[in-house]
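K.L.:
My questions are about this predicted structure, shown below with the sequence.
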Amino acid sequence: MACRDDSDRQQAGSYKNKKAAYDAPMHLIDTHTHLDFPDFDADRAELLARCRALGVERLVVLGVYRANWQRLWDLVQREDGLYAAFGLHPVYLNEHRPEHLHELRDWLDRLAGHPRLCALGEFGLDYYLEDLDRIAQQELFEAQLRLAAEFELPALLHVRRAHAATIATLKRIRLKRGGIVHAFAGSAEEAREYLKLGFKLGLGGAATWPQANRLRKVVASLPLEAMVLETDSPDMAPAMHPGQRNSPEYLPEICATLAELRGIGPEELAAASSANARALFGW
């Protein structure tokens, strides 16, 4: 009974610590959202108000195909604390056209130096979806890396079952400002390779799931200077909100869970991850 009582007290303490993290606003940056998606049309303003009350002060909104860039840019200019990235996502490979790369360059040229433009993304490689042509993906990936290099912007990368190819490409096309490997789920060795290349690792809801044993071990071993926090909302909801629309307002809970994996307080992780994001984006 004594052991069980100790366990109960430990669980209660853990719950209290997490609850305190949710109740006390931290200074957080969500480095990867799709807040322009229609999923948020009904309550976007209210959601942003809740985020600010919880300490989620800045959010990066990423473009994924040509058709959403203007909508995204209008949103970013309309709301305080939002920043834009534009890119051509590999999942929408069959929707992209050669002229979209030229238009992407025009957007970057027109907005160069604008304080609300913070990166190029979301783009990268996706080997999970087998019907996506890998050669065409690679060509699009390299073209956007060269744009990131030309405009000296961080690259926000989608990498799914393609770490070896991504790392090899990044070694050939070096970026002055690095970037973020979004939703990182690779190995400790792959993490080290990205860090050598100047990249941070985007961590969000995936590592909050107890069954993600391998990822949770990797997260626990990462240096704080490697980590930035994200939600990927409306996708990749954390374990605390299964089956729901993911939201930037869940970032404090994600932060608390990941901090517990590392054996530190949520305030320490929030401070480190936000400092990493500010340094990367030049804020």
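P.N.:
Yes, it's here.
K.L.:
Identify the residue nearest the geometric centre of this protein.
P.N.:
residue 32 (3.5 Å; CA atoms, centre = their mean).
K.L.:
List the buried residues of stretch 204-212.
P.N.:
By neighbour count with 16 or more other CB atoms under 10 Å, stretch 204-212 contains the buried residues 204-209, 212. Just so you know, the C-beta spots here come from the backbone N, C-alpha and C atoms, and that holds for glycine as well.
K.L.:
Residue 60 is in contact with residue 179, isn't it?
P.N.:
No: checked against CB atoms under 8 Å, the pair residue 60 and residue 179 is beyond contact range at 11.4 Å.
K.L.:
which residues are common contacts for these two?
P.N.:
119, 156 (CB atoms under 8 Å, 6 or more residues apart in numbering).
K.L.:
what sits up against stretch 211-223?
P.N.:
By CB under 8 Å, 6+ apart, stretch 211-223 touches 185-188, 191, 195, 201, 203, 206-207, 210, 258, 261-263.
K.L.:
Compare those and tell me which is most surrounded.
P.N.:
With neighbours taken as other CB atoms under 10 Å, the top of the contacts of stretch 211-223 is residue 203, carrying 31 neighbours.
K.L.:
ok, that residue - contacts?
P.N.:
Here residue 203 is in contact with 184, 219, 227-230, 254, 258 (CB under 8 Å, 6+ apart).
K.L.:
Which secondary structure elements does the strand ranked longest in the chain sit against?
P.N.:
Secondary structure of the chain per DSSP state E: the longest strand is strand 117-126. Secondary-structure packing of strand 117-126 (3 or more CB pairs under 8 Å, 6 or more residues apart in numbering; DSSP states H and E): strand 56-62, strand 82-86, helix 98-111, helix 134-151, strand 155-160, helix 163-172, strand 179-182.
K.L.:
Now do the fourth one against helix 98-111, angle only.
P.N.:
Here helix 134-151 points in a direction 20 degrees away from that of helix 98-111 (axes from the mean of the first three to the mean of the last three CA atoms, to 10 degrees).
K.L.:
Quick check: buried residues in helix 134-151?
P.N.:
Buried residues in helix 134-151, counted by 16+ other CB under 10 Å: 134, 137-138, 140-141, 144-145, 147-149, 151.
K.L.:
and which of the residues you listed is nearest residue 41?
P.N.:
For the buried residues of helix 134-151, the closest approach to residue 41 (CB to CB) belongs to residue 144, at 28.0 Å.
K.L.:
Having no further points to raise, I will conclude here.
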